[in-house]
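J.: Provide a 3D model corresponding to the input given below.
(2 chains)
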There are 2 protein chains.
Amino acid sequence: MNTRHLTRLLGIELPIIQAPMAGVSSPAMAAAVSEAGALGSIGVGATDAGGAQAMIAAVRERTARSFNVNLFCHRPAVAKDSVERAWIDRFRALFAQYGAPPPDHLSEIYQSFVTDDAMMRMLIAERPAVVSFHFGLPPADAIGALRDAGIVLLASATNLVEAQVIAAAGVDAVVAQGWEAGGHRGVFDPDAPDDRLGTAALVRRLAGSIDRPVIAAGGIMDGAGIAAALRLGAAAAQLGTAFLASDESLADAGYRAALASDAAHRTAMVRAVSGRPARILANNFAALDADIARAAIPDYPIAYDLGKALNAAANARGEYGYGAQWAGQGAPLARAMPAADIVAVLAAELAAAMDRDHG
Amino acid sequence: MNTRHLTRLLGIELPIIQAPMAGVSSPAMAAAVSEAGALGSIGVGATDAGGAQAMIAAVRERTARSFNVNLFCHRPAVAKDSVERAWIDRFRALFAQYGAPPPDHLSEIYQSFVTDDAMMRMLIAERPAVVSFHFGLPPADAIGALRDAGIVLLASATNLVEAQVIAAAGVDAVVAQGWEAGGHRGVFDPDAPDDRLGTAALVRRLAGSIDRPVIAAGGIMDGAGIAAALRLGAAAAQLGTAFLASDESLADAGYRAALASDAAHRTAMVRAVSGRPARILANNFAALDADIARAAIPDYPIAYDLGKALNAAANARGEYGYGAQWAGQGAPLARAMPAADIVAVLAAELAAAMDRDHG
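T.: Okay, here's the model as predicted:
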């Protein structure tokens, strides 16, 4: 009933959402997933209104079904010149090792949706069926305008307080992002203490406490995982890492090779790559993070400007260990196949898990 | 089938194990749980062979059913005089604040089972139905002798490699202890990198990879959580925090008050209390931990000698925030009632969760 309410609201058949993964998911992935009966997502946090509009058009060329457009709602970065200079200096020797100069200065490479009026106007004009928020919420008037435009809204929470804020703001459903999840952790305030709640504990706590459907996210890789999430009281499950190795993923060769190897067994939550905590394969960049104090890291996404440059320099010399190889704790279970086939397998496994309970 | 095999092996009706919690669980708790159809456990890691024998007798006075005796198999502590002196000095001012002197020196207050021949002889003589290991495994000859005595063996794993070692050693089932779990994390080597796998991700990974029944532990507080664990492929669930507030729990008034308050929403994984990572309510001791480098903390359980003294000093002045208030991430869902009633509620909730799938 819980599940049926949400799938009807989202306009989908299966209680499955493909996680928006800016830089990794693609319009082709989102369209394939939506065509297969789940909810495809695109992440537009790393582009501007024009880029996002083009991505929306690219999904619509491939499907008439509903899909989700995800926005980053981080607190706009505060530049701190001395921190950024020290950050560049810290990596100077490493850049030299790869024969490239470090960036001269670092910029806020992504504009937060909370200040992006052009993105807002584009969304109201395009009216995607679903819009989701990560890292917080946009201002109340933006939420009101998106709702008035008939758009269903989702937002990520990592704890009860964030979920309560989301519910009070009039967002339709809460994505409960557990500690296991790959990529950027959706914490509203990256400097606040983090309880690091696992997906199961978080879902169970939210399901009993807030008056909104809960979508479980983090460590879910197969139909058994989705079935377990539903038993915990989730109305649906959101899977990202499960689609990382799909044909439509933008993951590069180094990332795919790491995912298919023993390296997939080790992930770490790191802040040094982008400036915000994010779960990544335990690669060279993750190893660096352990020795770096939080205060030394520039604000998100300023730090990411250097992270991307370092990866590009290393890649040019055949070293892939500085990539933003986001991955959740379920990474060893990622399947390399077309995204539509992944949805079909998940649906079959979910049905089998439900059936087993009857036997 | 998976579940039936394990419950038959353990001699119980329900796929539920009450976690051994040295210092918090009691023979009365274990007996009440076993009488109610689940597996009760006592933790004897904090006592010697004589103390453990008395605890076993106290359980047997109350029930003829099977129960579990849990042993700590940590690497014996290595005393480092300068580290221990510095540790005492670090807390000198805090002891003074509570009007008590710090300990003169710190001792290895618990002997590891891996070197405890008297404990081994006692177990062979008493033959409890089930014995479980935490922090690692005893030597192969001890495992062989316990098996030859007809004792069913369990051991905790926090990752795939530990689980493989456990399976290869001939232990009957693996307790998959997720990051959410309260109390001491069962990592074999506390100085090795820890992937901090959530319960769901860990169970899913082990269930497909090792040829032993998997028991899910960490963040499971109710029948829905147990049902979810079974869907993930676990044969049973182990719950500790769910019994923390039971009538038979040895948790003191300060601990119970914290559990029943908003404080239960915040836990942290800390090393400073005992010398090994353990999840605890985010109390004063947990706050101290954040500023302490790992190398400054004496070996487990040497550090715990000071931790217990500090708590005693603070308690004497009415401050309960230095207690070893172990708790998992599900702490806000702990129920204050007799342990037998908790088992009955869990069984009813589990049956209801299974039934719902039929509807």
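
J.: quick one: neighbours of residue A:262, just the number.
T.: 8 (other C-beta atoms under 10 Å in any protein chain shown). The way it works is simple: take the backbone N, C-alpha and C, and place the C-beta from them, glycine included.

J.: tell me which residues of the least confident helix or strand in chain A by mean pLDDT are tucked away?
T.: Least confident element among the helices and strands of chain A, by mean pLDDT, DSSP states H and E: helix A:284-289 (a mean of 88). Neighbour-count burial for helix A:284-289, counted by 16 or more other C-beta atoms under 10 Å in any protein chain shown, picks out A:284, A:285, A:286, A:288, A:289.

J.: how close does the first one sit to residue A:88?
T.: To tie it back to what came earlier, the one meant is residue A:284. Look at residue A:284 and residue A:88: by C-beta to C-beta, to the nearest Å, they are 18 Å apart.

J.: then the fourth one?
T.: Distance of residue A:288 to residue A:88, computed by C-beta to C-beta: 14 Å.

J.: return the distance of the helix or strand that contains residue A:227 from the chain's centre.
T.: Applying DSSP states H and E as the criterion places residue A:227 in helix A:223-231. With C-alpha atoms, centre = their mean, to the nearest Å as the basis, helix A:223-231 stands 20 Å off its chain's centre.

J.: who's in contact with the next helix or strand after that helix?
T.: Using DSSP H and E, the helix or strand that follows helix A:223-231 in sequence is strand A:236-239. Under the criterion C-beta atoms under 8 Å, 6 or more residues apart in numbering or on different chains, residues A:3, A:6-7, A:10, A:15-19, A:175, A:213, A:215-217, A:220-221, A:225-226, A:229-230, A:346 lie in contact with strand A:236-239.

J.: what strands flank strand A:236-239, and is each parallel or antiparallel?
T.: Strand A:236-239 pairs in its sheet with strand A:16-18 (parallel), strand A:214-217 (parallel), by DSSP bridges.

J.: same list (the ones you listed) but as a markdown table, adding mean neighbour count and mean pLDDT.
T.: Shown next, in a markdown table, are the strands paired with strand A:236-239 (neighbours: other C-beta atoms under 10 Å in any protein chain shown; pLDDT from 0 to 100):
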| stretch | mean neighbour count | mean pLDDT |
| --- | --- | --- |
| strand A:16-18 | 28 | 98 |
| strand A:214-217 | 30 | 98 |
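
J.: what helix or strand is the closest residue to residue A:130 other than its chain neighbours on?
T.: Spatial nearest neighbour of residue A:130, chain neighbours left out: residue A:68 (4.0 Å); criterion: C-beta to C-beta, 6 or more residues apart in numbering or on different chains. Secondary structure assigned from DSSP H and E places residue A:68 in strand A:67-72.

J.: shaky segments in the stretch 1-150 of chain A?
T.: Where the stretch 1-150 of chain A drops to pLDDT under 70, the residues are A:1.

J.: how does it look with 90?
T.: By pLDDT under 90, the weakly predicted segments of the stretch 1-150 of chain A are A:1-2.

J.: where along it do the helices fall?
T.: A:2-10, A:27-35, A:49-62, A:81-90, A:92-97, A:117-126, A:140-148 (DSSP state H, counting those that start in this stretch).

J.: list the contacts of the last one.
T.: Counting by C-beta under 8 Å, 6+ apart, the neighbours of helix A:140-148 from elsewhere in the structure are A:113, A:114, A:120, A:123, A:124, A:131, A:137, A:153, A:169, A:170, A:171.

J.: what parts of the stretch 101-250 of chain A come near chain B?
T.: A:160, A:178-180, A:193, A:195-202, A:204-205, A:208, A:218-222, A:224-225, A:227-229, A:231-233 (C-beta under 8 Å from any C-beta of the partner chain).

J.: before we move on, the earlier item: in the sheet, who's paired with the residue nearest to residue A:130?
T.: Here residue A:68, judged by DSSP bridges, has bridge partners residue A:41, residue A:130.

J.: what's the local residue count around it?
T.: Residue A:68: 29 neighbours (other C-beta under 10 Å).

J.: for it, what are its contacts?
T.: By C-beta under 8 Å, 6+ apart, the contact list for residue A:68 reads A:10, A:17, A:20, A:30, A:39-42, A:128-132, A:154.

J.: again, but for residue A:349
T.: Residue A:349 makes contact with A:222, A:223, A:224, A:226, according to C-beta under 8 Å, 6+ apart.

J.: redo the residues you listed as TSV? Include pLDDT.
T.: Formatted as TSV, the contacts of residue A:349 follow (pLDDT from 0 to 100):
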residue	pLDDT
A:222	97
A:223	97
A:224	96
A:226	98
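
J.: for the residues you listed, pick the one with the most neighbours.
T.: Neighbour max across these (other C-beta under 10 Å) = residue A:226, 28 neighbours.

J.: measure the nearest residue to residue A:229 once chain neighbours are set aside to residue A:167 for me?
T.: What sits nearest to residue A:229 in space, not counting adjacent residues and going by C-beta to C-beta, 6+ apart, is residue A:216, at 3.7 Å. Residue A:216 sits 16 Å away from residue A:167, taking C-beta to C-beta as the criterion.

J.: same check, this time on residue A:54
T.: From residue A:54 to residue A:167 the distance is 33 Å (C-beta to C-beta).

J.: then residue A:221?
T.: For residue A:221, the distance to residue A:167 - C-beta to C-beta - is 28 Å.

J.: between those two, which has more neighbouring residues?
T.: Each of residue A:221 and residue A:167 has its neighbours counted (other C-beta under 10 Å); residue A:221 has more, 25 against 19.

J.: these two touch, right, that one and residue B:203?
T.: No: counting by C-beta atoms under 8 Å, residue A:221 does not reach residue B:203; the two are 11.8 Å apart.

J.: assign residue A:179 to helix, strand or coil.
T.: coil (DSSP: H, G, I helix; E, B strand; the rest coil).

J.: returning to what we had before: which of the residues of the stretch 101-250 of chain A next to chain B are buried?
T.: Among those, those classed as buried by 16+ other C-beta under 10 Å are A:160, A:178-180, A:195-202, A:204-205, A:218-222, A:224-225, A:227-229, A:231-233.

J.: picking that back up, which residues touch the residue nearest to residue A:229?
T.: A:176, A:178, A:199, A:203, A:229, A:232, A:234, A:236, A:237, A:238.
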